[in-house]
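Chemist: Prediction below, plus the sequence it came from.
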Amino acid sequence: MIQVIDYLKIANKLNEIILYSSVGGIFLLWMWWTILSDDEKIKKTFFVFSSLIVFSIGFLPVNIYYENFGYLKYKKQATKANVINISNLKRNARIVEKEIENNSSIKNKKLYANRILNKFYLEGKFETLLEKQIIQKLKK
């Protein structure tokens, strides 16, 4: 039996990384605009706000930074797992989770969802009718 790859974790981490990167980008744009501004009131507000941000970031553990900003690490894992398109992986994970969320016969839904995604990306063998129906909705 092959090792089960946690496709759901990969998709979720890539979503988090994109969110944090977007927030950081917006903050950098705001900083740039504020620095170039001639208004002293805006510069004072910037100083107070940026001081609070820097102070807050100083208390975050370093491992959270590396865990959340390891985009290349998760993208590399996805590539090894035969994922061609990251957007489709995220879409596929949502579809599988939605399809099995109300199925009471499945005890461990996260494990079952990862098994379906493993079969879709790696094996290509589907045993049950439910799996076949779900797989028809997925895209590589």
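Modeler: Arrived safely.
Chemist: If you rank every helix and strand of this structure by mean pLDDT, what lands last?
Modeler: Within the chain, no helix or strand scores below helix 62-68, which has a mean of 56 by mean pLDDT, DSSP states H and E.
Chemist: after that one, next one along is what?
Modeler: Downstream of helix 62-68, the next assigned helix or strand under DSSP states H and E is helix 71-80.
Chemist: Show residues contacting that following helix.
Modeler: Helix 71-80 is touched from outside by 5, 10, 13-14, 17, 21, 86, 89, with contacts defined as C-beta atoms under 8 Å, 6 or more residues apart in numbering. The way it works is simple: take the backbone N, C-alpha and C, and place the C-beta from them, glycine included.
Chemist: Quick check: which of those has the minimum pLDDT.
Modeler: Lowest pLDDT of the contacts of helix 71-80: Ile17, 66.
Chemist: what helices or strands is the helix or strand Ile53 falls within leaning on?
Modeler: Following DSSP H and E, one finds Ile53 within helix 40-58. The contact analysis (3 or more C-beta pairs under 8 Å, 6 or more residues apart in numbering; DSSP states H and E) places helix 40-58 against helix 7-36.
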